[in-house]
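Asks: next comes the sequence, and after it the predicted model I'd like to discuss.
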Amino acid sequence: MIDLKDNIARVQERIAEACRRVGRRPEDVKLVAVSKTVPPDRIRAAYDAGLRDFGENRVQEANAKRAALSDLTVTWHLVGHLQSNKAKLARELFHWAHSLDSLRLAQKLDQAAVSSGDRLPVLIEVNLGEEQTKSGVREQDVLPLAEQVSRLPTLELRGLMVLPPFFEDPEQARPFFGRLRDLAKTIEAANSPGVSMRELSMGMSHDFEVAIEEGATTVRIGTAIFGERK
């Protein structure tokens with residue numbers, strides 16, 4: 001049995017050490033435990049070990065888990081690609097959406113709001129590697145989309161997300177994290193009303209320390225907490 005408490009403590013210490021290397025505060029980096037394929041009892045154990053933010057890739061899977069864990073005060077993050085026809089259910093299930101990749105999806109999420117006062121924090125996913133197998137917006141299309149999303153009354157644009165190409169050596173991912181940080185700064189400099197770029201969701205189990213050194217405010221960690229998925 002994987003010792004969740006030990007795994008979580010090790011991840012938190014690695015986050016703190018990465019922050020120390022670049023003069024950042026560990027409390028400024030949010031740890032989202034990616035719990036896709038992880039059964040509810042394991043999520044509950046991670047909650048008991050102190051975690052409060054969990055990330056899911058699929059709406060149906062998240063729906064079942066939320067029902068099983070309804071007694072817990074959890075912040076649920078959508079970290080996988082979302083089809084627009086599932087926007088209504090996603091809006092009901094998640095407190096954050098990290099993977100916004102089109103105006104159509106943004107409009108569907110906006111229309112699915114229960115009330116005008118119900119605002120959903122969203123991040124635009126950027127496909128910096130321009131990989132055919134991954135979703136996300138091209139770098140040159142981010143600013144126009146950000147400006148359009150900022151006009152939707154029930155969405156709150158908070159920043160950007162990236163899933164760079166996989167490299168065995170995490171140092172090879174560093175340029176992608178740096179580009180996302182610089183892109184966020186460029187968009188901020190445009191001073192578009194309602195556009196905020198203060199959140200950068202980047203870094204997973206194999207490269208999150210490099211991402212933190214490059215400015216990540218949220219890291220999405222699955223394997224390093226829950227172990228290898230079957």
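Replies: Sure thing, it's come through. Numbering: from 1, shown residues only.
Asks: in its sheet, what does the helix or strand harbouring Ala97 sit against?
Replies: In this assignment (DSSP states H and E), Ala97 forms part of strand 96-100. Strand 96-100 pairs in its sheet with strand 75-78 (parallel), strand 120-126 (parallel), by DSSP bridges.
Asks: can I get those strands in JSON lines with mean neighbour count and mean pLDDT?
Replies: Where you see a C-beta, it was placed from the backbone N, CA and C, and this is true even at glycine. Output for these, formatted as JSON lines (neighbours: other CB atoms under 10 Å; pLDDT from 0 to 100):
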{"stretch": "strand 75-78", "mean neighbour count": "22", "mean pLDDT": "98"}
{"stretch": "strand 120-126", "mean neighbour count": "24", "mean pLDDT": "97"}
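Asks: redo those strands as CSV? Include distance to Leu163.
Replies: Formatted as CSV, those follow (distance: least, CB to CB, whole Å):
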stretch, distance to Leu163
strand 75-78, 13
strand 120-126, 7
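Asks: tell me the spacing between the most centrally placed residue in the chain and Ala49.
Replies: Nearest to the centroid of the C-alpha atoms of the chain, with distances taken as CA atoms, centre = their mean, sits His98, at 4.3 Å. Distance from His98 to Ala49, counting by CB to CB, to the nearest Å: 23 Å.
Asks: repeat that for Arg119.
Replies: As for Arg119, its distance to Ala49 is 30 Å (criterion: CB to CB).
Asks: where do the strands sit along this protein?
Replies: Per DSSP state E, the chain carries strands over the ranges 30-34, 53-56, 75-78, 96-100, 120-126, 155-162, 199-201, 218-221.
Asks: where in this protein is pLDDT low?
Replies: 1-2, 116, 230 (pLDDT under 70).
Asks: show me where it has its helices.
Replies: Remark: helices assigned in the chain by DSSP state H are 4-21, 40-48, 59-68, 87-93, 103-111, 142-149, 174-189, 208-213, 223-226.
Asks: re the thing from before, nearest to Arg10, out of the strands of the chain?
Replies: Closest to Arg10 of the strands of the chain, according to CB to CB: strand 218-221, at 10.5 Å.
Asks: which neighbouring elements make contact with that closest one?
Replies: strand 30-34, strand 199-201, helix 208-213 (3 or more CB pairs under 8 Å, 6 or more residues apart in numbering; DSSP states H and E).
Asks: give me the neighbour count for the nearest residue to Leu103 once chain neighbours are set aside.
Replies: Nearest in space to Leu103, with sequence neighbours left out and distances taken as CB to CB, 6 or more residues apart in numbering, is Gln148 at 5.2 Å. Neighbour count for Gln148, taken as other CB atoms under 10 Å: 14.
Asks: what does Ala62 give?
Replies: For Ala62, using other CB under 10 Å, the count is 23.
Asks: just confirm it contacts Ala97, I think it does.
Replies: No. Assessed by CB atoms under 8 Å, Ala62 is found out of contact with Ala97, at 11.7 Å.
Asks: could you name every residue contacting both of those two?
Replies: Each of Leu78 lies in contact with both Ala62 and Ala97 under the rule CB atoms under 8 Å, 6 or more residues apart in numbering.
Asks: report how many residues lie close to Glu27.
Replies: 9.
Asks: then Ile221?
Replies: By other CB under 10 Å, the residues close to Ile221 number 24.
Asks: check the one 4 residues further on too.
Replies: By the criterion of other CB under 10 Å, Ile225 has 22 neighbours.
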